[in-house]
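> Got a sequence here, can you model it:
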Amino acid sequence: LGERLMEIFVGDIAEMKKDHPCGGKLFEVLRTGADVKFKCKTCGRELMLDRLKAEKAIKRILKK
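Down below sits the predicted model:
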């Protein structure tokens with residue numbers, strides 16, 4: 001429980017560890033909170049992950 005939360009802000013571009021089925025790895029952050037909403041930069045599909053899964057799935061944040 002004493003984990004440090006990753007700094008994720010709306011508008012950030014997140015590079016994921018695994019590819020999206022369309023082949024893209026870059027996702028724009030649309031919403032943050034207990035859940036994080038992403039939009040694939042390749043195909044435009046939106047997905048939501050709970051914060052813990054999102055933080056584990058992100059390789060790095062590219063820009064703010």
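
> where does the chain dip in pLDDT?
1-4, 64 (pLDDT under 70).

> How far away from the center of its chain is stretch 34-49?
Stretch 34-49 sits 7 Å away from the centroid of its parent chain (C-alpha atoms, centre = their mean, to the nearest Å).

> what's it in contact with?
By C-beta atoms under 8 Å, 6 or more residues apart in numbering, the list of residues contacting stretch 34-49 from outside reads 8, 13-14, 20, 22-24, 26-31, 50-51, 54, 57. Quick note: C-beta positions are derived from backbone N, CA and C, even for glycine.

> of those residues, buried ones?
By neighbour count, with 16 or more other C-beta atoms under 10 Å, the contacts of stretch 34-49 hold 8, 14, 20, 27-29, 54 as buried.

> Now go through these and say which are in helices.
Of the positions in the buried ones among the contacts of stretch 34-49, residue 54 sit in helices, assigned by DSSP state H.

> Now render the buried ones among the contacts of stretch 34-49 as a markdown table, adding distance to residue 41.
Formatted as a markdown table, the buried ones among the contacts of stretch 34-49 follow (distance: C-beta to C-beta, whole Å):
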| residue | distance to residue 41 |
| --- | --- |
| 8 | 16 |
| 14 | 10 |
| 20 | 9 |
| 27 | 6 |
| 28 | 6 |
| 29 | 11 |
| 54 | 16 |
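
> Now, the buried ones among the contacts of stretch 34-49 that are in strands?
14, 27-29 (DSSP state E).

> what would the residues you listed look like in TSV with distance to residue 35?
Shown next, in TSV, are those (distance: C-beta to C-beta, whole Å):
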residue	distance to residue 35
14	14
27	14
28	15
29	11
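
> Out of those, the closest to residue 61 would be?
Nearest to residue 61 out of these is residue 14 (C-beta to C-beta; 5.7 Å).

> Do a quick rundown of the helices in this structure.
51-57.

> For stretch 53-64, which outside residues touch it?
By C-beta under 8 Å, 6+ apart, stretch 53-64 touches 5-9, 11-18, 25-26, 35-36, 38, 49.
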